[in-house]
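Chemist: just a sequence and a predicted model for now, questions to come.
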Amino acid sequence: MSKQFTLGKKERLKSRKLIEQLFSEGQRFAISPFRVHYVTGKIPGFLLQAGVGVSSRHFKKAVDRNRIKRLVREAWRLQKLTAEQALREQNRSLHVFLIYTAKKLPVYTEVYEKMGRVMNKLSIIIATPT
């Protein structure tokens with residue numbers, strides 16, 4: 001199996017301290033149905049880390065929330081390669097937290113398409129010097 005399309009343990013944003021820093025000091029943008037919080041720079045640790053959240057207010061059942069998170073992580077996993085390469089070239093890191101904000105269960109094709117738009121915006125952000 002190809003190593004480039006994996007989403008390993010080190011690529012998941014799990015550190016409570018980093019997540020709090022992301023929400024307090026980071027920047028954000030919205031591309032429906034996602035709100036994206038990110039921090040870029042010379043942050044120690046892995047090159048590219050991502051976390052996913054879904055509101056329990058809109059999706060009462062954990063089964064639905066977990067399905068949405070699985071779909072979002074899969075779309076991220078398949079499209080993160082260009083961002084990783086850009087980060088590696090510039091010797092920078094990027095921590096991202098994606099929040100699904102829509103009120104209906106998504107279809108995978110919709111999530112994949114919107115994730116492509118998110119990745120395009122992130123690649124523009126990576127390309128701009130800090």
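Modeler: Cool, got the structure.
Chemist: how close does the nearest residue to K103 once chain neighbours are set aside get to T40?
Modeler: Counting by CB to CB, 6 or more residues apart in numbering, K103 lies nearest to H58, which is 4.8 Å off, once chain neighbours are set aside. Bear in mind the C-beta positions are built from the backbone N, C-alpha and C, glycine included. Separation of H58 from T40 (CB to CB, to the nearest Å): 29 Å.
Chemist: those two - which one has more neighbours?
Modeler: T40 (19 against 15; other CB atoms under 10 Å).
Chemist: for that one, give me its contacts.
Modeler: R92, S93, L94, H95, I125, I126, T130 (CB atoms under 8 Å, 6 or more residues apart in numbering).
Chemist: would you check which pair of these lies furthest apart?
Modeler: Using CB to CB, the two most remote members of these are H95 and T130, lying 14.2 Å apart.
Chemist: ok, those two, which is more surrounded?
Modeler: A count of neighbours by other CB under 10 Å puts H95 above the other of H95 and T130, at 24 against 9.
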